[in-house]
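Student: Got a predicted structure here, sequence first:
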Amino acid sequence: MGMASAAVVDSQLAAYNAQDVERFLAAYADSVVVQNLGDTVKVEGKAALRRSTEEWFRRAPQVRSAVLNRIVMGPFVVDHERLTGAPADSPLEVVGIFEVRDSLIRRVWFIPPPPRPE
């Protein structure tokens with residue numbers, strides 16, 4: 001299960017870096033939920049994920065993500081990622097926790113980067 005879960009997350013990462021919205025969305029369940037860890041739900045459902053992803057790609061046409069570290073445990077994939085090409089705060093690092101069930105990402109929790117010192 002762990003290797004299959006990692007393969008699903010790898011496929012969405014490759015699509016993200018190619019800014020291929022259709023291929024990116026293909027990795028997600030229709031009922032996907034995305035939120036910051038310990039925070040309210042930011043995106044619920046594939047249609048909302050499409051809207052937020054298309055908007056992000058319009059704002060950040062050069063954004064790319066690289067996995068710095070990964071932990072895989074059963075259906076969970078935890079990626080420490082570095083984003084480059086994001087507006088204003090590039091590069092930045094985030095942690096994404098992906099829950100994969102039936103070969104689709106069902107839920108994602110992000111740990112956002114800490115505030116930058118002024």
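Tutor: That came through, no problem.
Student: who does residue 34 bridge with?
Tutor: residue 43, residue 108 (DSSP bridges).
Student: Would you check how far apart it and residue 99 are?
Tutor: 11 Å (C-beta to C-beta, to the nearest Å). In short, each C-beta sits where N, CA and C put it, glycine included.
Student: neighbour-wise, which of these two wins?
Tutor: Shown here are residue 34 and residue 99; by other C-beta atoms under 10 Å, residue 34 has more neighbours (21 against 18).
Student: dump the residue contacts of the more buried one.
Tutor: Applying C-beta atoms under 8 Å, 6 or more residues apart in numbering to residue 34 gives the contacts 41, 42, 43, 44, 49, 52, 107, 108, 109, 110.
Student: Which helix runs longest in the protein?
Tutor: When the chain is parsed with DSSP state H, its longest helix is helix 2-18.
Student: Can you spell out which helices and strands pack onto the very next helix or strand once past that helix?
Tutor: Remark: after helix 2-18, the chain's next helix or strand is helix 21-25, criterion DSSP states H and E. The helices and strands touching helix 21-25, judged by 3 or more C-beta pairs under 8 Å, 6 or more residues apart in numbering; DSSP states H and E, are helix 2-18, helix 46-59.
Student: To residue 103, which of the ones you listed lies closest?
Tutor: Across those, residue 103 has its closest neighbour in helix 2-18 (5.9 Å, C-beta to C-beta).
Student: buried stuff in that closest one?
Tutor: Across helix 2-18, burial judged by 16 or more other C-beta atoms under 10 Å covers 5, 6, 8, 9, 11, 12, 13, 15, 16.
Student: In CSV, list the C-alpha atoms belonging to the host helix or strand of residue 32.
Tutor: Using DSSP H and E, residue 32 sits in strand 28-36. These are the backbone C-alpha positions of strand 28-36, laid out as CSV (Å, rounded to 0.1, in the frame of the first residue of the first chain):
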residue,chain,number,x,y,z
TYR,A,28,-7.8,13.3,-6.4
ALA,A,29,-11.1,11.9,-5.2
ASP,A,30,-14.3,13.8,-6.1
SER,A,31,-14.8,14.4,-2.3
VAL,A,32,-11.3,15.6,-1.6
VAL,A,33,-10.7,17.9,1.4
VAL,A,34,-7.7,20.2,1.7
GLN,A,35,-6.9,22.2,4.8
ASN,A,36,-4.1,23.6,6.9
